[in-house]
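Asker: sequence unavailable; structure follows:
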């Protein structure tokens, strides 16, 4: 598999300082994989959006809807870029902690982190 | 506005080496902003997905559907992480060039780049 050189990280700060993608993928209820929408992904994204707005952070962090992030078994799944930090099994109750610790203070929330997905070539089991 | 320290970029390579988010947001056809779906965003994402698969790159790069990326006027909009490179007005005809130049060889396609959106706090006009 041919891939290019590693991305350059010394470029200026980008549009959003943190860009959160929250999976809202919805599958047929009979699908054995389940889906993030069925596990609360839609409400989760709304909660992130509301809390970022409440804190006045909407200009520097964005909670974006995403289609399937290929980690259904760990849903609801959230990935935060440019850091590339993945979270799984996130609930609305975790939103404030993720924003306070990770977005405001730069410290990812370890207990929710999907480090397996931060390795190259990782796939949903 | 309080934000945390800059993300750490010296961490190991993440799940996907390149994670492309293609806006598929659809608005009411009467909305003056237009929308990426109305400009071909859905077909664009399918084209990225197919071309990555054809080249055997599906394990290292993923073309993900995204909700509104807040850059409607420049749609269809694509952002590539972790680089944080933004593209606008992307068509199916541009897919091969973006994959060959950016994803394979690490050189973003300047003629499609939305550098305005790579600045902090940039907003859709």
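Answerer: Received, thanks. Computed from a prediction, not measured in an experiment: that's the story for all the values here. Numbers count the residues shown, from 1 in each chain, chains lettered A, B, ... in the order given.
Asker: which residues touch the longest helix belonging to chain A?
Answerer: Ordering each helix of chain A by length in residues (DSSP state H) puts helix A:41-54 first. By CB atoms under 8 Å, 6 or more residues apart in numbering or on different chains, the residues outside helix A:41-54 that reach it are A:20, A:22-25, A:35, A:58, A:61-65, A:75-78, A:90-92, A:95-96, A:98-99, A:103. C-beta here means a position set from N, CA and C on the backbone, and glycine is covered the same way.
Asker: buried ones in that helix?
Answerer: The neighbour-count check on helix A:41-54 (16 or more other CB atoms under 10 Å in any protein chain shown) flags A:41-42, A:44-49, A:51-52 as buried.
Asker: just the residues you listed now: which is nearest residue B:109?
Answerer: Using CB to CB, residue A:45 is the member of the buried residues of helix A:41-54 that sits closest to residue B:109, with 29.9 Å.
Asker: leaving out sequence neighbours, find the closest residue to the closest one.
Answerer: residue A:22 (3.9 Å; CB to CB, 6 or more residues apart in numbering or on different chains).
Asker: could you measure from that neighbour over to residue B:112?
Answerer: Using CB to CB, to the nearest Å, one obtains 27 Å as the distance from residue A:22 to residue B:112.
Asker: quick one: the strands in chain A?
Answerer: Counting by DSSP state E, the segments of chain A that form strands are A:18-23, A:61-66, A:78-81, A:85-87.
Asker: now the ones you listed as TSV including mean neighbour count?
Answerer: Formatted as TSV, these follow (neighbours: other CB atoms under 10 Å in any protein chain shown):
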stretch	mean neighbour count
strand A:18-23	26
strand A:61-66	23
strand A:78-81	26
strand A:85-87	24
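Asker: want to throw the ones you listed into TSV with mean pLDDT?
Answerer: Below are those laid out as TSV (pLDDT from 0 to 100):
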stretch	mean pLDDT
strand A:18-23	96
strand A:61-66	96
strand A:78-81	96
strand A:85-87	96
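Asker: need those in TSV (columns: distance to residue B:70).
Answerer: Putting the strands of chain A into TSV (distance: least, CB to CB, whole Å) gives the following:
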stretch	distance to residue B:70
strand A:18-23	10
strand A:61-66	7
strand A:78-81	15
strand A:85-87	21
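Asker: ok so, going back, measure how the longest helix of chain A sits relative to strand A:61-66, angle-wise.
Answerer: 160 degrees (axes from the mean of the first three to the mean of the last three CA atoms, to 10 degrees).
Asker: related to what we said a few turns ago, to residue B:83, which of the strands of chain A lies closest?
Answerer: Using CB to CB, the nearest of the strands of chain A to residue B:83 is strand A:78-81, at 9.2 Å.
Asker: centre of the chain to the closest one, how far?
Answerer: Here the centre of strand A:78-81 is set off from its chain's centre by 3 Å, with CA atoms, centre = their mean, to the nearest Å.
Asker: ok, now stretch A:62-74?
Answerer: The answer for stretch A:62-74 is 7 Å, by CA atoms, centre = their mean.
Asker: is that stretch in proximity to chain B?
Answerer: Yes: for a cut-off given as CB under 8 Å from any CB of the partner chain, stretch A:62-74 has contacts with chain B, namely A:62, A:64-70.
Asker: also stretch A:103-114?
Answerer: Yes: judged by CB under 8 Å from any CB, stretch A:103-114 comes into contact with chain B through A:103-107.
Asker: which of those residues count as buried?
Answerer: Buried members of those, counted by 16+ other CB under 10 Å: A:103-104.
Asker: save the residues of stretch A:103-114 next to chain B as CSV, and put in pLDDT and distance to residue B:85 too.
Answerer: Converted to CSV, the residues of stretch A:103-114 next to chain B look like this (pLDDT from 0 to 100; distance: CB to CB, whole Å):
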residue, pLDDT, distance to residue B:85
A:103, 95, 22
A:104, 94, 26
A:105, 93, 27
A:106, 93, 22
A:107, 95, 26
